[in-house]
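**Student:** Below are the sequence and a predicted model; questions follow.
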Amino acid sequence: MLVTNAFVAFFNNILRISVARYYAYSIGEGSTIDNSAAAADLSRWFNAALSLHLIVPVIFILLGVPLAEYAIRNWINITPERIFACIWVFRIALLTSFVSMASVPFISMYTARQLIWELSLFGILSSVLNFAFARVLCFVSGDRLIVYAIFMLIVNAGIPLVQIFRAMVKFPECRMRLSFWGDWGYGADPFVYLALIYEKSRRRILIYYEFYRYGAKFDQIAEAINSEKK
């Protein structure tokens, strides 16, 4: 579970910076174009990012859950009496990861709007709760592994949910508008079809930029490792 949370946190940090870059650019355009047009453009970027961060985790869950649970039951060397706990810890970790990834388009708006102090407060709250739960765990009886997983769900999914709700209230652009996801239906008119291509191009731009940053991070890690060997 720790490995899963660490990987998702690392991955989400890259995605959050990538999405915030496009938000900030769209916000900056508001000083040169009509404010309503800039707000609509920012909403389109948000919905393009939201569609990515909802669809991709769902695909991973649908593919990964059956394989992972089969591996836990049949391939990994786990004592039979602990299989039930391990499966539920995996499911809780997966739910936590899904909420964390889905929150990226919302949390990126804090960065783009320069509300770093709010992100810092949420980070401090997360650290305090982790410390408090670690202390409480010493006095918990029963299966502490499952209790620990539930504690991590409360912190790592609860805080992003609060951030999502606050972003929806604070930022008018952080609203789901399926019309900005593109018309996925049959028989769309040419203008809607062009809009679909336009929105798809936004998602491609986000994907390319995110993978570029992801690859750059691994290149830096590889270079550091090679320099240490020399």
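**Tutor:** Arrived safely, thanks for sending.
**Student:** okay, CA-based contacts and neighbour counts for the rest of this
**Tutor:** Fine.
**Student:** tell me which element residue 55 falls in.
**Tutor:** In the assignment (DSSP states H and E), residue 55 maps to helix 35-74.
**Student:** what do you get for residue 109?
**Tutor:** Taking DSSP H and E as the criterion, the element that holds residue 109 is helix 104-112.
**Student:** for the chain, what are the low-confidence residue spans?
**Tutor:** 1-11, 30-34, 182-199, 210-230 (pLDDT under 70).
**Student:** center of it - which residue?
**Tutor:** The chain has residue 101 as the residue nearest its centroid, 1.7 Å off, counting by C-alpha atoms, centre = their mean.
**Student:** show me the residues around that one that make contact.
**Tutor:** Contacts here follow C-alpha atoms under 8 Å, 6 or more residues apart in numbering; on that basis residue 101 touches 8, 12, 53-54, 57.
**Student:** what do you get for residue 206?
**Tutor:** For residue 206, the contacting residues are 18-19, 49, taking C-alpha under 8 Å, 6+ apart as the criterion.
**Student:** Throw these into a markdown table and include neighbour count, thanks.
**Tutor:** Converted to a markdown table, those look like this (neighbours: other C-alpha atoms under 10 Å):
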| residue | neighbour count |
| --- | --- |
| 18 | 23 |
| 19 | 27 |
| 49 | 26 |
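**Student:** Please report the number of neighbouring residues for residue 105.
**Tutor:** Applying other C-alpha atoms under 10 Å, we find 29 other residues in the vicinity of residue 105.
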